Each structure stands twice: as structure tokens, then as C-alpha cells.
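Peer 1: how would this look folded up:
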Amino acid sequence: MKNSKEMRTWLDDMQLDHPLVIAGPCSAETEEQVLKIAHELKDTDVSYYRAGIWKPRTRPGNFEGVGILGLKWLQKVKAETGMKTCTEVANRAHVELALEHDIDLLWIGARTSVSPFIMQEIADALAGTDKIVLVKNPINPDLSLWLGGIERLHTAGIKNLGAIHRGFSTYEKTKYRNIPEWQLAIEFKNKFPDLPLINDPSHITGNREMIFDVSQTALDLNFDGLMIETHFDPDNAWSDAAQQVTPAKLVQIMKDLKIRKESDPEAEYNKELTNLRAQIDVIDNQLIESLGKRMKISDSIGKLKKEKNVAVLQSNRWNQILGAMILEGESKGLSEEFVLRMFKAIHQESINHQEKIVNN
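Peer 2: Residues are numbered from 1 along each chain as shown. Below is the predicted model:
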């Protein structure tokens, strides 16, 4: 997949003056629910109406979708509202049924894209289709695995491709349901700048109150669109209630986020500057998070030193770290003066943490 320009045609042809918007309920629950939400979204910026038909959960026993019945409801959505429809497929049977019911866009979920075997099965089932197919990132932060799944589809002759960034699983407790790992998405965008990349703030946040901020970050990083789960009664949704917004809230979000295209040089400069600054913001947040983790380890070292009655300052260890970091910094284009100042500050903060513990 050396040149992805041919894959951008489906998005260019839409000639939107705003980011692509895919919206609808996490799960199709009833025909009434599916149609009610669709009618509330039909005259908005939403380009594709989404609904999960097959919903395999992390653990069994929860609502796992209505199956083929939901595809018939999506057909009614298209007939009554004129909206294009989309749903998730996870195997060959899903693909065949979705194509049979003329679903316009298919996406492949994070638990499916993690398996090259299943991705190949789906690629074979979709071979030659002109449907739009989007691939969510695997649950683990593996860029090669994500790209590999897309390449399998491309090799099968599927031209209308794109990707969905929905965050990555972690064993650590964070404010996100799935940590965004923005730097990985940035790397994806840099490798394939013409491959449409959609952000899924619903699954990244798991919290409707955070959707606007994550969406704005995505658009600042030049994402092509958003997939936002929408329900007329989010609190009583049968799945992922906390991360769904009402149609009215979605309209307000899109109004606040809308990007109007400008062609003058000054606007291009500002757009590029905003993109670069957004990348810096992402990295700065990662730095703070990493430093916080480092200090927690320092706390553990302080407890161990207190238990064994060992001095806080270990000069030999400090000199080894400093020498190694100066060399590493030089290899990354960082001056020795900068590395010294930075690591002296980090070292002093570590000493402060340990002294508090040892002297308490």
C-alpha cells in the first residue's frame, strides 16, 4: 500500500464543508429506537447512521445485539430518512448479511482487527466490493497490526478504505476508557496522510462529558471525522450508556467543532500551526504522565530505603544515569546543557519524594 491517494476518493467525493460525522446508537435495541434516533439526526451534519447489530461483549451475559433483525431496521432508516447506514462486522457471515441488506459502510472492530486470520477471512468475503470499509485500531497499541489489517483489505481489491482510532486497552486506571495514545495515531497519519482517519471519542472516553475535548484534539490533529454514539435516552441504553450523547447534544458539539475550509495562505499557516501545536500538546501530556509514573517508582524506592535504613542519595547511581542520558540526548539532537538541567530537576524531585518518605 505504497500510495493511498486512490483510497481517499470516497471522502473527497462527499465534498463536505465539515468533518465526516458517523453517529447513532451503540446498539440497535428496538425498531422504534433505531428509527426515532435516525429521524432526529436526518437533518444534521451526520453523514452515516451507525448502529451495532452484533455486539459481542468482553464477558458473556450482557446484551449482545439483535442480529439480522437490526439490518432490516437499518434498511427502514435509509428508506424513511435517506441517510446512509453502517454497522460493525466481525466475520464472513456478518459481511455477507450486511452486503445482502445493502449497508453502505462497514467497520471492523478492535477485537477483530487484532487477528490477522479473521482479517483475511473478512478481506476474502469483501473482495472487490465498492462499499466503504473502516478498520478500528486493535485493542493493543500495535501500529503494524493495524496497518496490516488494512493492507489485507487493499490487497483483496477494496479501494474505499479508512481507519478508526478508538484508543487502546491498558491495565492501568486512567481517566480514559481506552487511552488515546495520540502519538501512535499521529504516526499512522504521517505514514498514510491520504487514508481517511476517523476518531471515536465515545470509546476513547467512555464518558459523554469528555467527548467534546477529545473530538477537538482529533480535529486539531487533522483527523477527517468523528464517530460518536448517540441515543435519545442515553442513561437507559442497553449498552455503553455512559458514553452516548443525545442528538441535541451531538448537534451542539458539531456546531462548536465545525471547521470551515479556507484557501488563503494565512489560513493554511494557521491550520498547520494548530496541527503542530496539537502534536506538542499530546507529547507534553505524555511527558507529565511519564514523570508522574517515575515519581511513583521513586516513592517505592524511598519506602525500600527506609525499610533497610539506606541513604537517599546514591551518587554513583546518579552519575551513571546522567552520563547515559547526556549521550542519549545527543543522539536525539538535545544539547548537554538542556539534558543536565532537565535531569537535575527530575533528580531533585525524586530526592524530595524519597526524603518525605524516609523522614516521615
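Peer 1: per-residue pLDDT, H203?
Peer 2: Predicted confidence (pLDDT) at H203: the value is 97.
Peer 1: what's W107 sitting at in phi/psi?
Peer 2: With angles defined as degrees, to the nearest 10, W107 sits at phi -120, psi 150.
Peer 1: contacting residues for it?
Peer 2: By CB atoms under 8 Å, 6 or more residues apart in numbering, the contact list for W107 reads 50, 86-89, 133-136, 164, 227. The C-beta positions use only the backbone N, C-alpha and C, and glycine is treated the same way.
Peer 1: ok, what's across the strand from it?
Peer 2: On the basis of DSSP bridges, W107 takes part in beta bridges with E88, L134.
Peer 1: which stretches of the stretch 251-360 of the chain have low pLDDT?
Peer 2: Using pLDDT under 70 as the threshold, the predicted model of the stretch 251-360 of the chain has low-confidence ranges 258, 260-265.
Peer 1: That one: helices as residue ranges?
Peer 2: Taking DSSP state H, counting those that start in this stretch as the criterion, the stretch 251-360 of the chain contains helices spanning 265-308, 315-331, 336-358.
Peer 1: so which of those is the most packed in?
Peer 2: Mean neighbours per residue, mean count of other CB atoms under 10 Å, is largest over the helices of the stretch 251-360 of the chain for helix 336-358, with a mean of 15.
Peer 1: can I get the helices of the stretch 251-360 of the chain in JSON lines with distance to F117?
Peer 2: Below are the helices of the stretch 251-360 of the chain laid out as JSON lines (distance: least, CB to CB, whole Å):
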{"stretch": "helix 265-308", "distance to F117": "33"}
{"stretch": "helix 315-331", "distance to F117": "39"}
{"stretch": "helix 336-358", "distance to F117": "45"}
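Peer 1: burial of L71, as a residue count?
Peer 2: L71 has 22 neighbours, counted by other CB atoms under 10 Å.
Peer 1: Which residue is the nearest non-sequential neighbour of it?
Peer 2: By the measure of CB to CB, 6 or more residues apart in numbering, the closest residue to L71 outside its immediate chain neighbours is H101, 4.1 Å from it.
Peer 1: next one: L41
Peer 2: In space, L41 comes closest to P247 once its chain neighbours are excluded; the distance is 5.5 Å by CB to CB, 6+ apart.
Peer 1: Phi first, then psi, for the one you found.
Peer 2: According to degrees, to the nearest 10, the main-chain angles of P247 amount to phi -60, psi -40.
Peer 1: Hmm, F232 and it touching each other?
Peer 2: Yes: with contact taken as CB atoms under 8 Å, P247 and F232 are classed as touching, separated by 6.5 Å.
Peer 1: Pull up the overlap in contacts between these two.
Peer 2: With CB under 8 Å, 6+ apart as the test, P247 and F232 both reach 37, 40.
Peer 1: ok, these two, which is more surrounded?
Peer 2: Each of P247 and F232 had its neighbours counted (other CB under 10 Å), and the higher figure belongs to P247 (21 against 17).
Peer 1: got a pLDDT number for that one?
Peer 2: You'll see P247 listed with a pLDDT of 98.
Peer 1: show me what contacts it?
Peer 2: With contacts taken as CB under 8 Å, 6+ apart, P247 has the following neighbours: 23, 37, 40-41, 44, 230, 232.
Peer 1: quick one: it and V95, what's the gap?
Peer 2: Summarising the geometry, the distance separating P247 from V95, computed by CB to CB, to the nearest Å, is 29 Å.
Peer 1: ditto for V135
Peer 2: V135 sits 13 Å away from V95, taking CB to CB as the criterion.
Peer 1: Tell me which of the two has more neighbours.
Peer 2: Counting neighbours by other CB under 10 Å for V135 and for V95 shows that V135 has the greater number, 27 against 23.
Peer 1: For the protein, which segments count as strands?
Peer 2: Using DSSP state E, the strands found in the chain span residues 20-24, 48-50, 84-89, 105-108, 132-136, 161-165, 197-199, 225-229.
Peer 1: Quick check, pLDDT for the residue nearest to L71.
Peer 2: Checking the pLDDT column for H101, the value is 97.
Peer 1: okay, now it: neighbour count?
Peer 2: 18.
Peer 1: what's it in contact with, if anything?
Peer 2: Neighbour list for H101: 71-72, 74-75 [criterion: CB under 8 Å, 6+ apart].
Peer 1: Can you give me the pLDDT of the residue lying closest to G128 once chain neighbours are set aside?
Peer 2: In space, G128 comes closest to G157 once its chain neighbours are excluded; the distance is 4.7 Å by CB to CB, 6+ apart. If you check G157, the pLDDT there is 95.
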